[in-house]
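A.B. asks: need a structure here:
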Amino acid sequence: MSRPQPAGEEPPAHLDDVPPVPSAEEVAAELEAVAYPAEPADPAHPADPVGEEPEDRRHPSTVGGLLYLFVLAAGATGVFIAWSGDWRLGVRWIGGALVGAAAFRLVLPRRDAGMLAVRHRLLDCLLLGGVGAVLLFLAQTIPNQPGT
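C.D. replies: Prediction:
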């Protein structure tokens, strides 16, 4: 424990090497500088004007993004079919959509896979294909219940 220094006394010599504690404002300014670094001024590439939002895109930017929309549409179709009464056909649509997504993920490179690329290619393919295959298997093998 150190005792407070009376006014007018010099601190001990061993404290000369200790840097001063920064104030809360200095810490906040340093954290903001790290979180939001200033971009270097480049006359060849002027920055976007302040206050203007970038234009929203209404189309996928990769082939995988377009294929993802097809997979999503097939899955939604399967949910609708299952909801409307034929649950086996609906589950087959969902399983087929997932198996198709696994096949798309397998053949597309990461930069083109879009939303199909979530993890490593092998893990994505195993999860999508595995769940799709299990759904297809269950839709085929679950026996009909009496009274349906």
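A.B. asks: Now do the least confident helix or strand in the chain by mean pLDDT: which elements does it pack against?
C.D. replies: Every helix and strand of the chain was ranked by mean pLDDT, DSSP states H and E. The lowest is helix 24-35, at a mean of 80. Contact analysis of helix 24-35 by 3 or more Cβ pairs under 8 Å, 6 or more residues apart in numbering; DSSP states H and E lists no helix or strand as a packing neighbour. To be clear about C-beta, it is placed using only N, CA and C from the backbone, and glycine gets the same treatment.
A.B. asks: what's the very next helix or strand once past it in contact with?
C.D. replies: On the C-terminal side of helix 24-35, the nearest following helix or strand under DSSP states H and E is helix 63-84. Helix 63-84 is contacted from outside by 60, 89-98, 100-101, 104-105, 108, 112-117, using Cβ atoms under 8 Å, 6 or more residues apart in numbering.
A.B. asks: Now do helix 63-84: distance to the chain's middle.
C.D. replies: Using Cα atoms, centre = their mean, to the nearest Å, the mean C-alpha position of helix 63-84 is found 20 Å from that of the whole chain.
A.B. asks: roughly how far out does the least confident helix or strand of the chain sit from the chain middle?
C.D. replies: Once both centres are worked out by Cα atoms, centre = their mean, helix 24-35 turns out to sit 27 Å from its chain's centre.
A.B. asks: contacts for that helix?
C.D. replies: Looking at what lies outside helix 24-35 - Cβ under 8 Å, 6+ apart - the contacts are residue 22.
A.B. asks: secondary structure class for the nearest residue to residue 139 once chain neighbours are set aside?
C.D. replies: Once its chain neighbours are removed from consideration, residue 139 has its nearest residue in residue 91; the separation is 4.1 Å (Cβ to Cβ, 6 or more residues apart in numbering). Using DSSP: H, G, I helix; E, B strand; the rest coil as the criterion, the local structure at residue 91 reads helix.
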